[in-house]
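Q: A structural model of the following input is requested.
(chains A and B)
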Amino acid sequence: MTDTIRLQSDVLILGGGPAACWAALAAREAGRSVVMVDKGYVGTSGATAPSNTGTWFASTPERRARLIEERLKQAEGLGDVRQMHRVIDAATQHLHVLAERGYPFPIDDEGKLYIANLRGPDYMRFMRTQVLRAGVVVRDHHPALELLVAKDAVAGAAGYARQLNQNWEVRAAAVVIATGGCAFGSRILGATGLTGDGYLMAAELGATLSGMEFSNQYGIVPLHSSVNKGLPYGWASFYRADGSPIEIPPGQRFPVLARESLEGPIFARLDRATGLLPDALRRGQPNCFLPFDRARVDPFTDVFPISLRCEGTVRGTGGLKRADDDCWVGIPGLYAAGDALERQDIAGASTGGGGPTASWAIATGVWAGKGAAAFAKSLGSGAVERKVRPAGQAGLRPALSVREVDPAASVALVREELLPIDRNFFRSASKLAQSLVRLDSVWNELRDHAHGTGALGFRLREVAGLLVSSRWAYRAAEVRIETRGMHRRLDAPAGNPALARRITISGIDNPRFDLDPAPSEVLAS
Amino acid sequence: MIEILSESRCTACNVCVKACPANVFDAVPGGLPVIARQDDCQTCFLCEIYCPVDALYVATDPEHATGMTEAEVERAGLFGSYARALGWKKGREGGTDRDPTYRIRLASLNNLVPGQQVQGVAP
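A: Sure thing, here's the model as predicted:
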């Protein structure tokens, strides 16, 4: 390997999805220099680029109130009205900024600009252009492996440039983690790189997490495909192998389908879409039709097999806990945005779905970018001269003797424990305990013996992120002895009012779980 | 996952090497790029639309290779089919200004009324 690539900036952004791009733009607008490093390619990275997503916005106070009312019902006591207001307002404002910058939103049948939808490939390609035009230094295929610290503050990051086979190091006054959520190795659109890296790196500096028990949202896919986009299923009927229809009570689609899928194969047909809808669905959601067209299935007339795939915290709500309205995560200079942050504020115990989560990425991206820029300004130019040390542990710096650890086998184990419906969708104390024994054993091996540099270091750090996220998710699920939102305990099928509180996680090896005080703002309006 | 890089179509521009978020392809000095890490493919189909000459084909199974051949993909007219459906051309974006998703979402709102059979919405 040749020399380490060395860069410096006021603000360093880790990640390449929408939250990362919005953070980079906001920090540039505040006059700071910005370097952006991404594991993949800014424009195709992450869960948004291959998708089509709604947005959560309101042009009138009445509409905003209605949106918040809807979300509060689903949040099951864990949402935050004040933050919902802030997210909707910031997202609405910046969706208009997007239009002003030239993003080609469609015009609807009433002749109005339709900002309620973003087509992933176009949106993220547009954001890449905006970021480059703003003078952000973008480094693709440069995964971050660890943060750098100066005393108690973050001072940059270090990683590996995959296509150059070189290590890199960026010194910065402030860092924004926008590395997305954790999909536990699930093969859903855009999730390969979503391995919980940002959670791990921030926790190594002492940042806390929350909502990790709400990490088991599942999405419908045509069997043997990656396309976990739900919109067309609003017009689906569901069937068993013998052709009998599966009745779905309102709001019960996922639990009913999950239970049926344990009994036998399940099927769907988009037979409730009539009139002009099939054409609008086809042209509006082209990615949804790839599995059908390539298998020569007409989903409007043919019954096709489906399955449910785990979406982890990508559509769940767990993540880093923020300490203030700027998305500061409690370590001097360290900020987070998008799916790297917990989203209980807007979603509570339920999924943020596409729309609220897309708006969350915009709002928190802007706030984190501004917050990081202000912090960088306050430190001044001497910030990049600070004496630093690297903070990465598991996978990079073994606690004990060096031994070979196979990253592929560890990923396979995470998949076995986290993806099956009967382990993660329907949880119980005994199943969680069994999984944790196996996850802990692999984690201990990694922590004690794995020593990776270069490409192997990259793989081992992904495994470390997956394992630490899995252990937090299942330990938090053990603590929450009740059923709330997507967290379903077979051995505690009802909600416990005393647990209508968030759970804060601190620590990596032996994490501590603390119940937050009951949120006072939930009932305020 | 990615299954075919058509040697007859590919011009070695290496856009796929650059744009794949999972770093699946490797550039080859003096030659065509290769699918070097197929198992890392996240089956997002984005390489297909970034390819300016429609030389890539991603099969929909994210876990197993199907063994589909270039001739079969060619015969079925599947090279570039996702780009055409989106309105992207020659690796350049296009078509989102004509996205009719607002009609779907409008119908989706109506669909929230329990028991109501959704009819097509007015154009």
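
Q: Looking at the record's assignment, how would you partition chain A?
A: Domain ranges of chain A: A:5-215+A:313-390, A:219-310, A:407-515, per automatic domain parsing.

Q: Run the chain-centre distance for the longest one.
A: If I follow you right, that is domain A:5-215+A:313-390. In terms of C-alpha atoms, centre = their mean, to the nearest Å, the gap separating the centre of domain A:5-215+A:313-390 from the centre of its chain is 9 Å.

Q: okay, how far is it across it, tip to tip?
A: Using C-alpha to C-alpha, to the nearest Å, the end-to-end distance of domain A:5-215+A:313-390 comes to 16 Å.

Q: how about that domain, does it reach chain B?
A: Yes: applying C-beta under 8 Å from any C-beta of the partner chain, one finds domain A:5-215+A:313-390 touching chain B at A:16, A:39-41, A:43-46, A:49-50, A:52, A:54, A:104-109, A:114, A:116-117, A:119, A:121-123, A:125-126, A:140-141, A:162-163, A:187, A:189-193. No exception for glycine: its C-beta is placed from N, CA and C like everyone else's.

Q: Among these, which are located in strands?
A: Members of the residues of domain A:5-215+A:313-390 next to chain B lying in strands (criterion: DSSP state E): A:52, A:54, A:117, A:119.

Q: got the domains of chain A as TSV, with distance to residue B:79 and mean neighbour count columns?
A: TSV is the format used below for these (distance: least, C-beta to C-beta, whole Å; neighbours: other C-beta atoms under 10 Å in any protein chain shown):
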stretch	distance to residue B:79	mean neighbour count
domain A:5-215+A:313-390	18	24
domain A:219-310	12	18
domain A:407-515	32	19
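
Q: Could you export these as CSV, including mean pLDDT?
A: Formatted as CSV, the domains of chain A follow (pLDDT from 0 to 100):
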stretch, mean pLDDT
domain A:5-215+A:313-390, 96
domain A:219-310, 95
domain A:407-515, 97
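
Q: do you know which of the ones you listed lies nearest residue B:19?
A: Closest approach to residue B:19 among the domains of chain A is made by domain A:5-215+A:313-390 (5.2 Å; C-beta to C-beta).

Q: is it true that residue A:43 touches residue A:125?
A: Yes: if you go by C-beta atoms under 8 Å, residue A:43 and residue A:125 touch, sitting 5.0 Å apart.

Q: ok now do residue B:1, which residues does it touch?
A: Residue B:1 makes contacts with B:38-39, B:41, B:43, B:58-59, B:61-63, B:65, as judged by C-beta atoms under 8 Å, 6 or more residues apart in numbering or on different chains.

Q: tell me, which of those residues make contact with chain A?
A: The subset of the contacts of residue B:1 within reach of chain A, by C-beta under 8 Å from any C-beta, is B:41, B:43, B:59, B:61-63.

Q: Could you tell me which of the residues you listed are located in strands?
A: Per DSSP E, strands hold no members of those.

Q: Any of those residues buried? List them.
A: Buried by 16 or more other C-beta atoms under 10 Å in any protein chain shown: B:41, B:43, B:59, B:61-62, out of those.

Q: helices or strands up against whatever helix or strand residue A:26 lives in?
A: Taking DSSP states H and E as the criterion, residue A:26 maps to helix A:18-29. Using 3 or more C-beta pairs under 8 Å, 6 or more residues apart in numbering or on different chains; DSSP states H and E as the contact test, the elements touching helix A:18-29 are strand A:5-14, strand A:34-37, helix A:120-133, strand A:166-177, helix A:354-379.

Q: what's the following helix or strand after the last one?
A: Using DSSP H and E, the helix or strand that directly follows helix A:354-379 along the chain is strand A:389-390.

Q: Past that next one, which element shows up next along the chain?
A: Moving on from strand A:389-390 towards the C-terminus, the next helix or strand you reach (DSSP H and E) is helix A:407-418.

Q: quick one: contacts for the residue in the stretch 401-525 of chain A that chain B sits nearest to?
A: Closest approach between the stretch 401-525 of chain A and chain B, counting by C-beta to the nearest C-beta: residue A:408, at 8.7 Å. Taking C-beta under 8 Å, 6+ apart, we find residue A:408 in contact with residue A:459.

Q: Next one: it from residue A:354, what distance?
A: Distance from residue A:408 to residue A:354, counting by C-beta to C-beta, to the nearest Å: 31 Å.

Q: and what of residue A:31?
A: Counting by C-beta to C-beta, the gap from residue A:31 to residue A:354 is 33 Å.

Q: Point to the residue nearest the middle of chain B.
A: In chain B, the C-alpha nearest the mean C-alpha coordinate belongs to residue B:45, at 3.4 Å (C-alpha atoms, centre = their mean).

Q: give me every residue that touches it.
A: Taking C-beta under 8 Å, 6+ apart as the criterion, residue B:45 is in contact with A:50, A:287, A:290, B:58, B:82.

Q: pLDDT weak spots in chain B?
A: Along chain B, segments meeting pLDDT under 70 span B:108-123.

Q: all helices of it, in order?
A: Under the criterion DSSP state H, chain B contains helices at B:15-19, B:46-50, B:70-75, B:81-86, B:101-110.

Q: and among the ones you listed, the most buried is which?
A: Comparing these by mean neighbour count (mean count of other C-beta atoms under 10 Å in any protein chain shown), helix B:46-50 ranks first with a mean of 26.

Q: any residue of that helix up close to chain A?
A: Yes: looking at helix B:46-50 against chain A by C-beta under 8 Å from any C-beta, the contacts come from B:46, B:49-50.

Q: okay if I get the ones in strands among the residues of domain A:5-215+A:313-390 next to chain B as TSV plus distance to residue B:71?
A: Shown next, in TSV, are these (distance: C-beta to C-beta, whole Å):
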residue	distance to residue B:71
A:52	32
A:54	40
A:117	38
A:119	32
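
Q: Show me the two of those residues that sit farthest apart.
A: Taking every pair in these and measuring C-beta to C-beta, the maximum separation is 11.0 Å, between A:54 and A:119.

Q: Isn't residue B:68 up against residue B:2?
A: No: with contact taken as C-beta under 8 Å, residue B:68 and residue B:2 are classed as non-touching, separated by 11.2 Å.
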